[in-house]
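1. Give me a model of this one.
(one chain, ligands or ions: 1)
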Amino acid sequence: MSKTILGLAGSLRQASFNAGLLRAAAELAPQGTRIQIGSIREVPLYDGDVEAESGLPQPVRALQAQLAAADGLLMVTPEYNNGVPGVFKNAIDWMSRGEGAAIFAGKPVAVIGASPSGFGTTLAQTHWLPVLRTLKAALWTDGRLMVSRAQSLCDDQGNLTDDKTRALLRKFVEGFAASL
Ligand code: FNR
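-> Alright, predicted model coming up:
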(Lines give C-alpha, C1' and ligand atoms only; values in the text may rest on other atoms or scores of the structure.)
Protein backbone atom coordinates (compact mmCIF):
# COMPACT_ATOMS: atom_id res chain seq x y z
CA MET A 1 0.00 0.00 0.00
CA SER A 2 1.35 3.44 -0.83
CA LYS A 3 2.34 5.81 1.95
CA THR A 4 2.29 9.57 2.21
CA ILE A 5 4.68 11.58 4.34
CA LEU A 6 3.98 15.25 4.95
CA GLY A 7 7.26 17.19 4.74
CA LEU A 8 7.65 20.57 6.42
CA ALA A 9 10.75 22.76 6.23
CA GLY A 10 11.16 25.38 8.93
CA SER A 11 12.57 28.22 6.87
CA LEU A 12 10.93 30.90 4.74
CA ARG A 13 14.15 31.74 2.92
CA GLN A 14 13.97 31.34 -0.86
CA ALA A 15 17.30 29.51 -1.12
CA SER A 16 16.85 27.66 2.18
CA PHE A 17 19.16 24.67 2.67
CA ASN A 18 16.39 23.00 4.67
CA ALA A 19 13.76 23.52 1.97
CA GLY A 20 16.33 22.11 -0.48
CA LEU A 21 16.92 19.13 1.79
CA LEU A 22 13.18 18.50 1.87
CA ARG A 23 12.92 18.73 -1.95
CA ALA A 24 15.76 16.20 -2.22
CA ALA A 25 14.01 13.90 0.27
CA ALA A 26 10.89 14.04 -1.91
CA GLU A 27 12.96 13.15 -4.97
CA LEU A 28 14.68 10.27 -3.20
CA ALA A 29 11.61 8.73 -1.57
CA PRO A 30 11.34 5.02 -2.32
CA GLN A 31 8.74 3.62 -4.65
CA GLY A 32 5.35 3.50 -2.96
CA THR A 33 6.11 6.51 -0.75
CA ARG A 34 5.25 10.09 -1.62
CA ILE A 35 6.61 13.04 0.31
CA GLN A 36 4.06 15.81 0.07
CA ILE A 37 5.76 19.17 0.62
CA GLY A 38 3.67 21.41 2.86
CA SER A 39 4.30 25.08 3.56
CA ILE A 40 4.32 27.10 6.78
CA ARG A 41 4.62 30.38 4.86
CA GLU A 42 1.01 31.53 5.30
CA VAL A 43 0.72 30.59 8.98
CA PRO A 44 0.19 33.77 11.02
CA LEU A 45 1.75 34.42 14.40
CA TYR A 46 -0.12 32.52 17.09
CA ASP A 47 -2.65 34.72 18.87
CA GLY A 48 -4.97 33.25 21.47
CA ASP A 49 -7.50 36.03 20.90
CA VAL A 50 -7.71 35.22 17.18
CA GLU A 51 -8.15 31.55 18.06
CA ALA A 52 -10.89 32.34 20.60
CA GLU A 53 -12.75 34.68 18.25
CA SER A 54 -12.31 33.04 14.84
CA GLY A 55 -10.90 29.56 15.44
CA LEU A 56 -7.93 28.25 13.53
CA PRO A 57 -6.75 30.25 10.49
CA GLN A 58 -7.28 28.56 7.11
CA PRO A 59 -3.54 27.85 6.47
CA VAL A 60 -3.37 26.06 9.83
CA ARG A 61 -6.47 24.00 9.09
CA ALA A 62 -4.99 23.11 5.69
CA LEU A 63 -1.78 21.87 7.32
CA GLN A 64 -3.76 19.91 9.91
CA ALA A 65 -5.74 18.24 7.13
CA GLN A 66 -2.52 17.33 5.31
CA LEU A 67 -1.05 15.91 8.52
CA ALA A 68 -4.21 14.00 9.38
CA ALA A 69 -4.18 12.38 5.94
CA ALA A 70 -0.45 11.55 6.07
CA ASP A 71 1.12 8.38 7.43
CA GLY A 72 4.03 10.33 8.88
CA LEU A 73 5.64 13.74 9.22
CA LEU A 74 9.18 14.69 8.16
CA MET A 75 10.35 17.87 9.86
CA VAL A 76 13.36 19.58 8.28
CA THR A 77 14.60 22.05 10.83
CA PRO A 78 17.08 24.90 10.68
CA GLU A 79 18.89 25.83 13.88
CA TYR A 80 18.68 29.34 15.30
CA ASN A 81 20.72 30.25 18.38
CA ASN A 82 21.10 26.58 19.26
CA GLY A 83 17.33 26.12 19.26
CA VAL A 84 14.42 25.82 16.85
CA PRO A 85 13.39 28.70 14.55
CA GLY A 86 10.41 30.70 15.81
CA VAL A 87 8.54 30.44 12.51
CA PHE A 88 8.67 26.66 12.63
CA LYS A 89 7.72 26.40 16.32
CA ASN A 90 4.89 28.86 15.68
CA ALA A 91 3.50 26.70 12.88
CA ILE A 92 3.68 23.53 14.97
CA ASP A 93 2.08 25.34 17.91
CA TRP A 94 -0.85 26.47 15.75
CA MET A 95 -1.16 22.97 14.29
CA SER A 96 -1.37 21.52 17.79
CA ARG A 97 -4.53 23.50 18.57
CA GLY A 98 -8.13 22.38 18.04
CA GLU A 99 -8.06 18.92 16.51
CA GLY A 100 -4.26 19.08 16.50
CA ALA A 101 -3.72 17.14 19.69
CA ALA A 102 -5.50 14.15 18.22
CA ILE A 103 -3.71 14.51 14.88
CA PHE A 104 -0.21 14.50 16.35
CA ALA A 105 -0.85 11.74 18.89
CA GLY A 106 0.84 8.57 17.70
CA LYS A 107 1.88 10.14 14.38
CA PRO A 108 5.30 8.91 13.27
CA VAL A 109 7.65 11.91 13.05
CA ALA A 110 11.23 12.10 11.80
CA VAL A 111 13.48 15.14 12.21
CA ILE A 112 16.44 16.15 10.06
CA GLY A 113 18.12 19.45 9.34
CA ALA A 114 20.87 21.38 7.59
CA SER A 115 23.07 24.27 8.62
CA PRO A 116 26.29 25.93 7.46
CA SER A 117 27.92 25.16 10.81
CA GLY A 118 29.90 22.06 11.68
CA PHE A 119 27.17 20.64 13.89
CA GLY A 120 24.36 20.50 11.35
CA THR A 121 21.33 21.28 13.58
CA THR A 122 22.19 18.76 16.30
CA LEU A 123 20.91 21.11 19.00
CA ALA A 124 17.79 22.19 17.10
CA GLN A 125 16.87 18.55 16.51
CA THR A 126 17.32 17.90 20.23
CA HIS A 127 15.15 20.90 21.07
CA TRP A 128 12.25 19.37 19.14
CA LEU A 129 12.22 16.33 21.42
CA PRO A 130 10.23 17.78 24.37
CA VAL A 131 7.82 19.38 21.90
CA LEU A 132 7.17 16.08 20.13
CA ARG A 133 6.89 14.25 23.43
CA THR A 134 4.27 16.76 24.60
CA LEU A 135 2.36 16.22 21.36
CA LYS A 136 2.56 12.46 21.98
CA ALA A 137 4.04 12.02 18.52
CA ALA A 138 5.83 8.75 17.72
CA LEU A 139 9.38 9.97 17.15
CA TRP A 140 11.30 7.79 14.69
CA THR A 141 14.78 7.28 16.11
CA ASP A 142 16.34 4.59 13.96
CA GLY A 143 18.13 7.15 11.79
CA ARG A 144 19.75 10.54 12.26
CA LEU A 145 20.78 13.09 9.68
CA MET A 146 22.55 16.31 10.49
CA VAL A 147 23.73 18.07 7.34
CA SER A 148 26.67 20.31 8.28
CA ARG A 149 28.61 22.74 6.04
CA ALA A 150 25.44 22.92 3.96
CA GLN A 151 26.75 25.73 1.77
CA SER A 152 29.34 23.35 0.31
CA LEU A 153 26.72 20.64 -0.39
CA CYS A 154 24.03 22.79 -2.02
CA ASP A 155 23.82 25.06 -5.03
CA ASP A 156 22.86 28.73 -4.76
CA GLN A 157 19.15 27.81 -4.82
CA GLY A 158 19.58 25.54 -1.81
CA ASN A 159 19.29 22.35 -3.88
CA LEU A 160 21.21 19.45 -2.37
CA THR A 161 23.82 18.54 -4.96
CA ASP A 162 26.28 16.47 -2.93
CA ASP A 163 26.05 12.79 -3.88
CA LYS A 164 27.28 11.46 -0.54
CA THR A 165 24.70 13.47 1.40
CA ARG A 166 21.96 12.49 -1.05
CA ALA A 167 22.85 8.83 -0.44
CA LEU A 168 22.60 9.36 3.34
CA LEU A 169 19.29 11.13 2.87
CA ARG A 170 17.97 8.32 0.68
CA LYS A 171 18.88 5.79 3.38
CA PHE A 172 17.17 7.93 6.03
CA VAL A 173 13.96 8.33 4.01
CA GLU A 174 13.92 4.65 3.09
CA GLY A 175 14.26 3.73 6.76
CA PHE A 176 11.50 6.08 7.88
CA ALA A 177 9.21 4.99 5.04
CA ALA A 178 9.78 1.32 5.86
CA SER A 179 8.74 1.96 9.45
CA LEU A 180 5.32 3.33 8.47
C1 FNR B 1 21.47 31.11 12.59
N2 FNR B 1 22.29 30.09 12.14
C3 FNR B 1 22.71 29.11 13.01
N4 FNR B 1 23.30 27.94 12.56
C5 FNR B 1 23.65 26.98 13.44
O6 FNR B 1 24.14 25.93 13.02
N7 FNR B 1 23.49 27.14 14.77
C8 FNR B 1 22.92 28.26 15.29
O9 FNR B 1 22.76 28.34 16.48
C10 FNR B 1 22.52 29.29 14.39
N11 FNR B 1 21.93 30.43 14.86
C12 FNR B 1 21.30 31.27 13.97
C13 FNR B 1 20.47 32.28 14.46
C14 FNR B 1 19.76 33.06 13.58
C15 FNR B 1 18.81 34.08 14.12
C16 FNR B 1 19.91 32.88 12.19
C17 FNR B 1 19.11 33.73 11.22
C18 FNR B 1 20.76 31.94 11.72
C19 FNR B 1 22.61 29.98 10.73
C20 FNR B 1 21.58 29.14 10.02
O21 FNR B 1 21.91 27.77 10.18
C22 FNR B 1 21.57 29.52 8.54
O23 FNR B 1 21.09 30.84 8.41
C24 FNR B 1 20.77 28.54 7.71
O25 FNR B 1 21.00 28.87 6.36
C26 FNR B 1 19.30 28.61 8.04
O27 FNR B 1 18.59 27.60 7.39
P28 FNR B 1 17.95 27.78 5.94
O29 FNR B 1 17.21 29.09 5.91
O30 FNR B 1 19.12 27.78 4.95
O31 FNR B 1 17.08 26.60 5.75
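
2. Spell out, range by range, the strands that occur in the chain.
-> With DSSP state E applied, the chain shows strands at 3-9, 33-37, 72-76, 108-114, 138-139, 146-147, listed in chain order.

3. hmm, stretch 13-31 touching the ligand?
-> Yes - for stretch 13-31 and the ligand, the contact criterion (C-beta under 6 Å from any ligand atom) is met by 13, 16-18. All C-beta atoms are positioned from the backbone trio N, CA, C, and that covers glycine.

4. With mean pLDDT as added columns, please give the strands of the chain in JSON lines.
-> Output for those, formatted as JSON lines (pLDDT from 0 to 100):
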{"stretch": "strand 3-9", "mean pLDDT": "98"}
{"stretch": "strand 33-37", "mean pLDDT": "98"}
{"stretch": "strand 72-76", "mean pLDDT": "98"}
{"stretch": "strand 108-114", "mean pLDDT": "98"}
{"stretch": "strand 138-139", "mean pLDDT": "98"}
{"stretch": "strand 146-147", "mean pLDDT": "98"}
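
5. As TSV, those strands with mean neighbour count and distance to the ligand would be great.
-> Supplementary listing: the strands of the chain in TSV, determined by neighbours: other C-beta atoms under 10 Å; distance: least, C-beta to the nearest ligand atom, whole Å:
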stretch	mean neighbour count	distance to the ligand
strand 3-9	23	7
strand 33-37	18	14
strand 72-76	26	8
strand 108-114	26	6
strand 138-139	16	21
strand 146-147	22	10
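
6. Now distance to T121 too, for these, in CSV please.
-> Written out in CSV, the entries for these read as follows (distance: least, C-beta to C-beta, whole Å):
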stretch, distance to T121
strand 3-9, 12
strand 33-37, 19
strand 72-76, 9
strand 108-114, 3
strand 138-139, 15
strand 146-147, 6
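
7. now for those strands, which one comes closest to R61?
-> Comparing these by their distance to R61 (C-beta to C-beta), the top pick is strand 3-9, with 14.1 Å.

8. Perfect, I'm done here.
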